[in-house]
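J.: here is a sequence together with a model predicted from it:
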Amino acid sequence: MTESLEPVTEDWQRALVVVAHPDDLEFGGAAAVARWTQQGKQLVYCLVTSGEAGIDGMSPQRARVVREAEQRESAALVGVDTVEFLGLPDGILEYGVPLRRELAAAVRRHRPEIVLTNNFRDTWDGGDTLNQADHIAVGRATLDAVRDAGNRWIFPEQLTDGVEPWNGVRQVWAVASPRSAHGVDVTATFDRGVASLRAHEAYLSGLGDGSFDAEEFLEGLARPAGSRLGVRYGVTFEVFHFDLW
(Lines give C-alpha, C1' and ligand atoms only; values in the text may rest on other atoms or scores of the structure.)
Protein backbone atom coordinates (compact mmCIF):
# COMPACT_ATOMS: atom_id res chain seq x y z
CA MET A 1 0.00 0.00 0.00
CA THR A 2 1.33 3.44 -0.94
CA GLU A 3 1.86 5.67 2.09
CA SER A 4 -0.03 8.94 2.30
CA LEU A 5 1.82 12.26 2.22
CA GLU A 6 1.87 14.82 5.00
CA PRO A 7 1.08 18.34 3.72
CA VAL A 8 4.04 20.72 3.85
CA THR A 9 3.77 23.71 6.12
CA GLU A 10 2.58 26.91 4.46
CA ASP A 11 3.00 29.34 7.35
CA TRP A 12 5.89 31.17 5.69
CA GLN A 13 6.31 34.16 3.42
CA ARG A 14 9.74 33.96 1.72
CA ALA A 15 11.37 31.08 -0.13
CA LEU A 16 14.51 30.64 -2.20
CA VAL A 17 14.61 28.07 -5.01
CA VAL A 18 18.11 26.72 -5.73
CA VAL A 19 18.53 24.42 -8.73
CA ALA A 20 21.35 23.51 -11.10
CA HIS A 21 19.78 24.28 -14.49
CA PRO A 22 16.96 26.10 -16.23
CA ASP A 23 13.99 23.68 -16.44
CA ASP A 24 15.00 21.69 -13.32
CA LEU A 25 12.17 23.01 -11.18
CA GLU A 26 9.67 22.93 -14.03
CA PHE A 27 10.01 19.14 -14.33
CA GLY A 28 7.60 18.71 -11.44
CA GLY A 29 7.73 21.64 -9.02
CA ALA A 30 6.53 24.78 -10.79
CA ALA A 31 2.84 24.18 -10.08
CA ALA A 32 3.64 24.36 -6.37
CA VAL A 33 5.41 27.69 -6.90
CA ALA A 34 2.30 28.97 -8.69
CA ARG A 35 0.18 27.94 -5.71
CA TRP A 36 2.38 29.87 -3.32
CA THR A 37 2.77 33.05 -5.34
CA GLN A 38 -1.03 33.01 -5.71
CA GLN A 39 -1.16 33.05 -1.90
CA GLY A 40 1.02 36.16 -1.91
CA LYS A 41 4.27 34.47 -0.92
CA GLN A 42 7.59 35.72 -2.29
CA LEU A 43 9.82 33.25 -4.12
CA VAL A 44 13.21 33.90 -5.75
CA TYR A 45 14.90 31.58 -8.25
CA CYS A 46 18.65 30.99 -8.05
CA LEU A 47 20.06 29.05 -11.02
CA VAL A 48 23.56 27.75 -10.39
CA THR A 49 24.28 27.39 -14.13
CA SER A 50 22.60 28.70 -17.26
CA GLY A 51 22.20 25.24 -18.77
CA GLU A 52 24.58 26.18 -21.56
CA ALA A 53 25.71 22.58 -22.14
CA GLY A 54 22.17 21.24 -22.37
CA ILE A 55 21.30 21.55 -26.07
CA ASP A 56 23.38 19.35 -28.35
CA GLY A 57 22.66 21.32 -31.53
CA MET A 58 23.33 24.76 -30.03
CA SER A 59 26.64 26.26 -28.96
CA PRO A 60 27.04 26.97 -25.25
CA GLN A 61 27.37 30.70 -25.95
CA ARG A 62 24.02 30.79 -27.73
CA ALA A 63 22.34 28.29 -25.41
CA ARG A 64 23.20 30.43 -22.39
CA VAL A 65 21.26 33.38 -23.80
CA VAL A 66 18.32 31.27 -24.96
CA ARG A 67 17.95 29.26 -21.79
CA GLU A 68 18.22 32.26 -19.47
CA ALA A 69 15.46 33.97 -21.44
CA GLU A 70 13.29 30.85 -21.34
CA GLN A 71 13.81 30.51 -17.58
CA ARG A 72 12.74 34.09 -16.95
CA GLU A 73 9.61 33.58 -19.04
CA SER A 74 8.92 30.28 -17.29
CA ALA A 75 9.28 31.87 -13.86
CA ALA A 76 6.99 34.76 -14.77
CA LEU A 77 4.25 32.30 -15.70
CA VAL A 78 4.14 31.07 -12.10
CA GLY A 79 4.47 34.51 -10.53
CA VAL A 80 8.24 34.74 -9.90
CA ASP A 81 9.92 37.96 -11.05
CA THR A 82 13.38 37.58 -9.51
CA VAL A 83 15.62 35.07 -11.28
CA GLU A 84 19.37 35.12 -10.77
CA PHE A 85 22.06 33.08 -12.50
CA LEU A 86 25.31 32.32 -10.68
CA GLY A 87 27.13 31.46 -13.91
CA LEU A 88 28.93 28.32 -12.77
CA PRO A 89 29.81 25.82 -15.53
CA ASP A 90 27.02 23.52 -16.65
CA GLY A 91 27.64 19.78 -16.48
CA ILE A 92 30.75 19.81 -14.33
CA LEU A 93 29.58 21.18 -10.98
CA GLU A 94 31.37 19.74 -7.99
CA TYR A 95 30.24 19.50 -4.42
CA GLY A 96 32.64 21.38 -2.19
CA VAL A 97 33.52 24.63 -0.48
CA PRO A 98 33.38 26.89 -3.60
CA LEU A 99 29.79 25.80 -4.33
CA ARG A 100 28.79 26.10 -0.68
CA ARG A 101 30.24 29.63 -0.68
CA GLU A 102 28.12 30.71 -3.66
CA LEU A 103 24.95 29.25 -2.20
CA ALA A 104 25.53 30.60 1.31
CA ALA A 105 25.85 34.05 -0.25
CA ALA A 106 22.50 33.58 -1.98
CA VAL A 107 20.84 32.55 1.27
CA ARG A 108 22.29 35.58 3.03
CA ARG A 109 21.12 37.88 0.23
CA HIS A 110 17.55 36.67 0.14
CA ARG A 111 16.99 35.59 3.76
CA PRO A 112 14.38 32.90 3.09
CA GLU A 113 12.37 30.87 5.56
CA ILE A 114 12.11 27.88 3.20
CA VAL A 115 14.66 26.72 0.60
CA LEU A 116 13.62 24.48 -2.29
CA THR A 117 15.96 22.37 -4.37
CA ASN A 118 15.65 19.37 -6.65
CA ASN A 119 15.97 15.71 -5.77
CA PHE A 120 19.64 15.04 -5.07
CA ARG A 121 19.47 11.36 -4.20
CA ASP A 122 21.53 9.02 -6.38
CA THR A 123 18.46 7.97 -8.36
CA TRP A 124 15.13 9.45 -9.41
CA ASP A 125 13.04 6.48 -8.37
CA GLY A 126 14.87 4.93 -5.46
CA GLY A 127 15.92 2.16 -7.86
CA ASP A 128 18.19 2.26 -10.88
CA THR A 129 17.16 5.41 -12.78
CA LEU A 130 20.29 7.48 -12.15
CA ASN A 131 20.15 11.13 -11.22
CA GLN A 132 22.47 13.68 -12.84
CA ALA A 133 25.72 14.79 -11.21
CA ASP A 134 24.92 18.52 -11.14
CA HIS A 135 21.63 17.89 -9.31
CA ILE A 136 23.39 15.79 -6.68
CA ALA A 137 26.14 18.36 -6.10
CA VAL A 138 23.75 21.31 -5.86
CA GLY A 139 21.33 19.61 -3.49
CA ARG A 140 24.03 18.44 -1.11
CA ALA A 141 25.71 21.84 -1.17
CA THR A 142 22.38 23.57 -0.55
CA LEU A 143 21.88 21.70 2.71
CA ASP A 144 25.33 22.68 3.94
CA ALA A 145 25.07 26.25 2.66
CA VAL A 146 21.94 26.82 4.73
CA ARG A 147 23.95 26.07 7.86
CA ASP A 148 26.95 28.03 6.57
CA ALA A 149 24.79 31.12 6.03
CA GLY A 150 23.94 31.31 9.72
CA ASN A 151 27.52 31.13 10.97
CA ARG A 152 29.32 34.48 10.87
CA TRP A 153 32.72 32.76 10.98
CA ILE A 154 32.09 30.84 7.75
CA PHE A 155 32.65 32.93 4.60
CA PRO A 156 32.98 36.12 6.70
CA GLU A 157 34.15 38.05 3.63
CA GLN A 158 30.51 38.09 2.53
CA LEU A 159 29.44 40.11 5.56
CA THR A 160 29.88 43.58 4.11
CA ASP A 161 27.57 46.35 2.92
CA GLY A 162 24.86 45.39 5.39
CA VAL A 163 24.89 41.63 4.69
CA GLU A 164 24.42 39.65 7.88
CA PRO A 165 24.41 35.96 8.77
CA TRP A 166 21.02 34.34 8.23
CA ASN A 167 19.88 31.39 10.32
CA GLY A 168 16.18 31.82 9.58
CA VAL A 169 15.81 28.88 7.19
CA ARG A 170 13.43 26.46 8.86
CA GLN A 171 13.34 23.71 6.26
CA VAL A 172 14.85 22.64 2.93
CA TRP A 173 12.50 20.83 0.55
CA ALA A 174 13.82 18.54 -2.20
CA VAL A 175 11.26 18.25 -5.00
CA ALA A 176 10.32 14.78 -6.27
CA SER A 177 12.80 12.91 -4.09
CA PRO A 178 12.23 9.14 -3.96
CA ARG A 179 12.22 9.58 -0.16
CA SER A 180 9.42 12.16 -0.20
CA ALA A 181 7.03 11.96 2.75
CA HIS A 182 5.41 15.38 2.25
CA GLY A 183 3.44 17.03 -0.51
CA VAL A 184 1.18 19.87 -1.59
CA ASP A 185 -2.06 20.03 -3.56
CA VAL A 186 -1.49 21.66 -6.97
CA THR A 187 -4.81 20.78 -8.56
CA ALA A 188 -5.74 24.43 -9.03
CA THR A 189 -2.34 25.44 -10.47
CA PHE A 190 -1.38 22.33 -12.45
CA ASP A 191 -2.03 24.04 -15.80
CA ARG A 192 0.32 26.89 -14.88
CA GLY A 193 3.00 24.34 -14.08
CA VAL A 194 2.53 22.81 -17.53
CA ALA A 195 2.81 26.23 -19.17
CA SER A 196 5.95 26.93 -17.18
CA LEU A 197 7.60 23.75 -18.46
CA ARG A 198 6.48 24.43 -22.05
CA ALA A 199 8.25 27.80 -21.89
CA HIS A 200 11.54 25.87 -22.16
CA GLU A 201 10.81 25.38 -25.84
CA ALA A 202 14.36 25.24 -27.18
CA TYR A 203 15.41 22.67 -24.60
CA LEU A 204 12.31 20.48 -24.95
CA SER A 205 12.51 20.42 -28.74
CA GLY A 206 15.86 18.68 -28.45
CA LEU A 207 14.61 15.85 -26.23
CA GLY A 208 14.41 12.47 -27.92
CA ASP A 209 12.50 12.55 -31.19
CA GLY A 210 10.86 15.89 -30.41
CA SER A 211 7.55 14.35 -29.35
CA PHE A 212 7.89 15.14 -25.64
CA ASP A 213 4.50 16.06 -24.14
CA ALA A 214 4.86 18.34 -21.11
CA GLU A 215 1.32 17.81 -19.85
CA GLU A 216 1.51 14.04 -20.13
CA PHE A 217 4.87 13.95 -18.36
CA LEU A 218 3.72 16.15 -15.48
CA GLU A 219 0.47 14.26 -15.10
CA GLY A 220 2.52 11.09 -14.65
CA LEU A 221 4.13 12.69 -11.60
CA ALA A 222 1.23 14.73 -10.25
CA ARG A 223 -1.50 12.09 -10.29
CA PRO A 224 0.29 9.55 -8.04
CA ALA A 225 1.34 12.38 -5.71
CA GLY A 226 -2.21 13.68 -5.65
CA SER A 227 -3.53 10.23 -4.85
CA ARG A 228 -1.25 10.07 -1.81
CA LEU A 229 -2.63 13.46 -0.69
CA GLY A 230 -6.26 12.64 -1.46
CA VAL A 231 -6.51 15.23 -4.25
CA ARG A 232 -6.25 15.21 -8.04
CA TYR A 233 -2.72 16.58 -8.52
CA GLY A 234 0.16 16.96 -6.11
CA VAL A 235 3.89 17.65 -5.83
CA THR A 236 6.10 15.67 -3.45
CA PHE A 237 8.98 16.80 -1.25
CA GLU A 238 11.62 15.34 1.00
CA VAL A 239 11.76 17.71 3.97
CA PHE A 240 14.91 18.52 5.94
CA HIS A 241 14.46 20.42 9.21
CA PHE A 242 16.65 23.26 10.45
CA ASP A 243 14.48 24.43 13.35
CA LEU A 244 17.05 23.27 15.92
CA TRP A 245 20.75 24.02 15.57
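T.: Looks like it came in fine.

J.: what strands line up against the longest strand along the chain, and which way round?
T.: Once the chain is assigned using DSSP state E, the strand that runs over the most residues is strand 234-241. Strand 234-241 sits in its sheet next to strand 171-175 (antiparallel), strand 182-185 (antiparallel), going by DSSP bridges.

J.: okay, those strands in TSV with mean pLDDT and mean neighbour count next?
T.: C-betas here are computed from N, CA, C, even on glycine. Below are the strands paired with strand 234-241 laid out as TSV (pLDDT from 0 to 100; neighbours: other Cβ atoms under 10 Å):
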stretch	mean pLDDT	mean neighbour count
strand 171-175	98	23
strand 182-185	98	22
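
J.: element containing the residue lying closest to residue 163 once chain neighbours are set aside, please.
T.: Nearest residue to residue 163, sequence neighbours excluded (Cβ to Cβ, 6 or more residues apart in numbering): residue 108, at 5.4 Å. Per DSSP states H and E: residue 108 is located in helix 97-110.

J.: could you give the average pLDDT over that helix?
T.: When pLDDT is averaged over helix 97-110, the result is 98.

J.: distance check, residue 49 against residue 99.
T.: To residue 99, residue 49 is 11 Å away according to Cβ to Cβ, to the nearest Å.

J.: and residue 61, by the same measure?
T.: Applying Cβ to Cβ, the value for residue 61 to residue 99 is 23 Å.

J.: which of these two has more neighbours?
T.: The residue with more neighbours, out of residue 61 and residue 99, is residue 99; 21 against 8, by other Cβ atoms under 10 Å.

J.: can you pull the contacts of that one?
T.: The contact partners of residue 99, taken as Cβ atoms under 8 Å, 6 or more residues apart in numbering, are 48, 88, 93, 137-138, 141, 145.

J.: compare those residues and tell me which is most surrounded.
T.: Most crowded among the contacts of residue 99, counting by other Cβ under 10 Å, is residue 138 at 29 neighbours.

J.: got the angle for the helix or strand harbouring it vs strand 234-241?
T.: Assigned by DSSP H and E, residue 138 belongs to helix 133-149. Counting by axes from the mean of the first three to the mean of the last three Cα atoms, to 10 degrees, helix 133-149 lies at 40 degrees to strand 234-241.

J.: average model confidence for helix 133-149?
T.: 98.

J.: can you list the weak-confidence ranges in this protein?
T.: Counting by pLDDT under 70, the chain shows low-confidence ranges at 1, 243-245.

J.: which residues of the protein fall in strands?
T.: Assigned by DSSP E, the strands in the chain fall at 6-7, 14-19, 42-47, 83-85, 114-118, 171-175, 182-185, 234-241.

J.: run through who's touching the first one.
T.: Counting by Cβ under 8 Å, 6+ apart, the neighbours of strand 6-7 from elsewhere in the structure are 181-185, 229.

J.: mind listing what the residue nearest to residue 81 when sequence neighbours are not counted touches?
T.: Nearest non-adjacent residue to residue 81, counting by Cβ to Cβ, 6+ apart: residue 75, 7.3 Å away. By Cβ under 8 Å, 6+ apart, residue 75 lies in contact with 45, 81, 83, 196.

J.: please tell me how far residue 169 sits from residue 12.
T.: 10 Å.

J.: quick one: which of those two has more around it?
T.: A count of neighbours by other Cβ under 10 Å puts residue 169 above the other of residue 169 and residue 12, at 24 against 16.

J.: so how far is residue 90 from that one?
T.: Between residue 169 and residue 90 the computed distance is 26 Å (Cβ to Cβ).

J.: hang on, the earlier thing: distance to residue 126 added to the strands of the chain, as JSON lines?
T.: Below are these laid out as JSON lines (distance: least, Cβ to Cβ, whole Å):
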{"stretch": "strand 6-7", "distance to residue 126": "18"}
{"stretch": "strand 14-19", "distance to residue 126": "20"}
{"stretch": "strand 42-47", "distance to residue 126": "26"}
{"stretch": "strand 83-85", "distance to residue 126": "31"}
{"stretch": "strand 114-118", "distance to residue 126": "15"}
{"stretch": "strand 171-175", "distance to residue 126": "13"}
{"stretch": "strand 182-185", "distance to residue 126": "16"}
{"stretch": "strand 234-241", "distance to residue 126": "11"}
